[in-house]
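Participant: Curious how this folds, go ahead:
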Amino acid sequence: MRFMGAERVEQAAESCATLLRTVAGEDWENTKAGGLEWSCRFTATHIASDFIGYASNLAGRAQSSYVPFDITVDGDENGDYRADNAGLIHVVTTTGALFAATLRTTSRDVRAFHPYPFRSANRDGFAAMGIAEALLHTHDIAQGFGVPYEAPAELAEYVLTTIFPSVQPGPAPWPTLLWATGRGELPGRARVTDWRWSNNLVLPTEHLTLEGVTPAAAADLQAGGDGGFDWVEDGPFDGTRVASGMMLKAYEAGVHRPEFGVYVLVRREDGRAIGGMGFHGSPDGDGRVEVGYDLAESARGRGHATEALRALAEWALAREDVTSVFATIERDNLPSQAVVARSGFTPVGETGEHGEMLAYERRD
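Facilitator: Residues are numbered from 1 along each chain as shown. Predicted coordinates for the structure are as follows:
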């Protein structure tokens, strides 16, 4: 799956600028942007500030705090060089180009600080956040002037499948994104009054990084792609593709919880993806959650599965909604049984029609 974030940011910036040009002769300073308390001028400036802010935080590899950037378009202390509407449109497209350039020169393994919800985001996450800011606030400005605006469907879909993994797909991406951010209605769904996007969760271990799979990546993996990861030669294994398909079905049904989805195991030493691990769904009513995993054959026998499973089980059991993690393993799969035993799981019985599967559980 080729990274398209940079191109999509440029497309979002141009979509914004195209709308802004149609109202360039209007009074931006004294017109409120849709349901916001901001003026249309401030809202356009905010889009540019987000572009350059995201670029700066990603380029600087911010780790502990987000550094906001406020662009000044009101000139110097004498009011000279104040940007008019046409100038502000240029600021939006320029900052969009700078953000896109940053994304193009950032490798896929880089993460920088962002507070929602897991304290970091990768380049896909930053790209999606920037696109969301551009599209949604362009909508707000259009509402302020009473003119129509519809964002490109592929951009709205990119945002939804990257940073809105808990939002069930609707009849079309753009109205679904508007609904998900409290800006519209969808038949059969309650109006949204409080919302936040969600970047993917990453769990680091000594030798690996467990990277949460987004719906966009899951769709690509299920279809036979790489999901945006740099895999070892014999990966991904079939189980990862099947698990991605299961996760995608949960997303499409509106029951997906991203923290209980699929994770790709990435080696720290070379950035290569070696396998998949994750949950079969959210915890049940008793707080039990099932885990599964597979590794490419070339990566087996080195302790990677044990290290990853131990970390994922410990993360899950630290949550209030999880009381136990269990796994079912074929009776003749001795290597996998050794993995769960080393990861703190104990045998709790047999399962399957003829007892061909062994059940293991871990409680802390």
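Participant: residues touching residue 101, list them.
Facilitator: With contact taken as CB atoms under 8 Å, 6 or more residues apart in numbering, residue 101 is in contact with 6, 55. Where C-beta positions appear, they are placed from N, C-alpha and C, glycine not excepted.
Participant: Keeping just the C-alphas, turn the helix or strand hosting it into CSV.
Facilitator: Residue 101 belongs to helix 85-104 when assigned by DSSP states H and E. Extracted C-alpha coordinates of helix 85-104, given in CSV (Å, rounded to 0.1, in the frame of the first residue of the first chain):
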residue,chain,number,x,y,z
ASN,A,85,-8.2,37.3,1.5
ALA,A,86,-6.2,36.4,-1.6
GLY,A,87,-3.0,36.4,0.4
LEU,A,88,-4.5,34.2,3.1
ILE,A,89,-5.6,31.7,0.4
HIS,A,90,-1.9,31.6,-0.7
VAL,A,91,-0.9,31.0,2.9
VAL,A,92,-3.2,28.0,3.1
THR,A,93,-1.8,26.4,-0.1
THR,A,94,1.8,27.2,0.9
THR,A,95,1.6,25.7,4.3
GLY,A,96,-0.2,22.7,2.8
ALA,A,97,2.8,22.3,0.4
LEU,A,98,5.2,22.5,3.3
PHE,A,99,3.3,19.9,5.2
ALA,A,100,3.2,17.6,2.2
ALA,A,101,6.9,17.9,1.8
THR,A,102,7.5,17.0,5.4
LEU,A,103,5.3,13.9,5.0
ARG,A,104,7.2,12.8,1.9
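Participant: What's the first helix or strand after it?
Facilitator: Note on helix 85-104: by DSSP H and E, the next helix or strand toward the C-terminus is strand 111-112.
Participant: ok, that next one: who's next to it in the sheet?
Facilitator: strand 121-122 (antiparallel) (DSSP bridges).
Participant: Off-centre distance for the strand it pairs with?
Facilitator: Its chain's C-alpha centre and that of strand 121-122 lie 8 Å apart, by CA atoms, centre = their mean, to the nearest Å.
Participant: Now do that strand: everything it contacts.
Facilitator: With contact meaning CB under 8 Å, 6+ apart, strand 121-122 is reached by 108-112, 114, 129, 199-200.
Participant: Also stretch 71-90?
Facilitator: Contact with stretch 71-90 is made by 17, 20-21, 23-26, 28, 41, 44-45, 48-49, 52, 91, 95, as judged by CB under 8 Å, 6+ apart.
Participant: Off-centre distance for that stretch?
Facilitator: 34 Å.
Participant: which helices and strands does the least confident helix or strand in the chain by mean pLDDT pack with?
Facilitator: Within the chain, confidence by mean pLDDT, DSSP states H and E is lowest for strand 346-351 among all helices and strands, at a mean of 92. Counting contacts by 3 or more CB pairs under 8 Å, 6 or more residues apart in numbering; DSSP states H and E, strand 346-351 packs against strand 357-362.
Participant: buried ones in the least confident helix or strand of the chain?
Facilitator: For strand 346-351, a neighbour-count test (16 or more other CB atoms under 10 Å) marks nothing as buried.
Participant: and that strand with strand 357-362, angle?
Facilitator: 150 degrees (axes from the mean of the first three to the mean of the last three CA atoms, to 10 degrees).
Participant: Please enumerate the strands of this protein.
Facilitator: For the chain, strands defined by DSSP state E occupy the ranges 111-112, 121-122, 202-204, 208-212, 262-267, 273-279, 288-295, 324-330, 346-351, 357-362.
Participant: okay if I get those strands as JSON lines plus distance to residue 99?
Facilitator: Rendered in JSON lines, the data for the strands of the chain read as follows (distance: least, CB to CB, whole Å):
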{"stretch": "strand 111-112", "distance to residue 99": "13"}
{"stretch": "strand 121-122", "distance to residue 99": "13"}
{"stretch": "strand 202-204", "distance to residue 99": "22"}
{"stretch": "strand 208-212", "distance to residue 99": "23"}
{"stretch": "strand 262-267", "distance to residue 99": "25"}
{"stretch": "strand 273-279", "distance to residue 99": "27"}
{"stretch": "strand 288-295", "distance to residue 99": "36"}
{"stretch": "strand 324-330", "distance to residue 99": "40"}
{"stretch": "strand 346-351", "distance to residue 99": "50"}
{"stretch": "strand 357-362", "distance to residue 99": "43"}
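Participant: which stretch among the ones you listed comes nearest residue 37?
Facilitator: Distance to residue 37, taken as CB to CB, is lowest for strand 121-122 among these, at 26.7 Å.
Participant: Mind checking the pLDDT average for the closest one?
Facilitator: Per-residue pLDDT over strand 121-122 has a mean of 96.
Participant: For residue 242, list the residues it contacts.
Facilitator: For residue 242, the contact set (CB under 8 Å, 6+ apart) is empty.
Participant: meant to ask about residue 335, not that
Facilitator: Residues near residue 335 by CB under 8 Å, 6+ apart: 300-301.
Participant: neighbours around the residue nearest to residue 182 when sequence neighbours are not counted, how many?
Facilitator: Spatially, and ignoring its direct neighbours in sequence, residue 182 is nearest to residue 192 (4.5 Å; CB to CB, 6 or more residues apart in numbering). Residues contacting residue 192 under the criterion other CB atoms under 10 Å number 16.
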